[in-house]
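> build me a model from this:
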Amino acid sequence: MLLLSISLTVTIPLVTIQSEAQPLFGQQERLVDNNKNIASIFLDAFDYTFEINGTQIFPNDTVKNSIVTEYKPSVYNISNLQYNIMDHMINASDVQIHVVPTRIDEANTRLDFQIYTNNAEVTGPSLNKSYNNLEITSAYGIYNLDTDKMTIHIPYSVALQQLVQ
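Alright, predicted model coming up:
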């Protein structure tokens with residue numbers, strides 16, 4: 001015990017040396033890929049993801065092109081939106097979507113969006129419920145121009161809140 005108390009009272013100065021590790025030639029690409037995979041696993045732990053066709057999320061080609069090629073924020077309406085989330089079918093009508101796009105690369109655009117609907121029905125194994133004035137925020141999608149599909153990311157906290165509301 002005496003030795004421990006003496007070691008706690010003795011101050012040893014810390015020395016910091018800055019260094020930078022360089023990946024071996026050919027390993028840099030693998031490091032980037034590994035970091036992407038790690039980030040995907042980490043993000044998937046907090047987000048529920050599902051895929052939706054571009055024709056279902058964009059009302060027409062004019063709106064789609066304005067968002068995914070000109071990167072203009074937009075507010076538009078869709079008469080009906082249907083998707084499956086956590087084994088529950090959500091059917092929404094009179095949907096208004098607010099979109100803020102960000103270019104990722106030539107084919108991919110990130111769409112931060114908010115969805116508002118006057119009427120929505122959720123049906124599934126553990127819930128059958130109707131909603132008035134449903135609002136989904138804190139969601140985003142990655143739209144791929146080549147496949148015309150969007151991967152929607154909804155935080156689990158938001159998805160569960162909507163299902164048990």
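
> all the helices of the chain, residue numbers only.
Counting by DSSP state H, the chain has these helices, from start to end: 2-9, 28-44, 54-57, 61-68, 156-164.

> strands of the protein, start to end?
47-53, 74-85, 88-103, 108-123, 128-144, 149-155 (DSSP state E).

> need the contact partners of the longest one.
This means strand 128-144. Applying Cβ atoms under 8 Å, 6 or more residues apart in numbering, the contact partners of strand 128-144 are 52, 54, 57, 68, 92, 104, 107-122, 149-155, 158, 162, 165. Glycine gets a C-beta too; all of them are placed from N, C-alpha and C.

> need the buried ones from those selected in ChimeraX.
Buried residues within those, by 16 or more other Cβ atoms under 10 Å, are selected in ChimeraX with:
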select :52,54,57,68,92,108,109,110,111,113,115,116,117,120,121,122,149,150,151,152,153,154,155,158,162
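
> pLDDT below threshold where in this protein?
1-46, 156-165 (pLDDT under 70).

> rerun that using 50 as the cut-off
For the chain, the stretches flagged by pLDDT under 50 are 1-44.

> kindly state the beta-bridge partners for the nearest residue to Val63 once chain neighbours are set aside.
Nearest non-adjacent residue to Val63, counting by Cβ to Cβ, 6 or more residues apart in numbering: Tyr76, 5.4 Å away. Beta bridges link Tyr76 to Ile97, judged by DSSP bridges.
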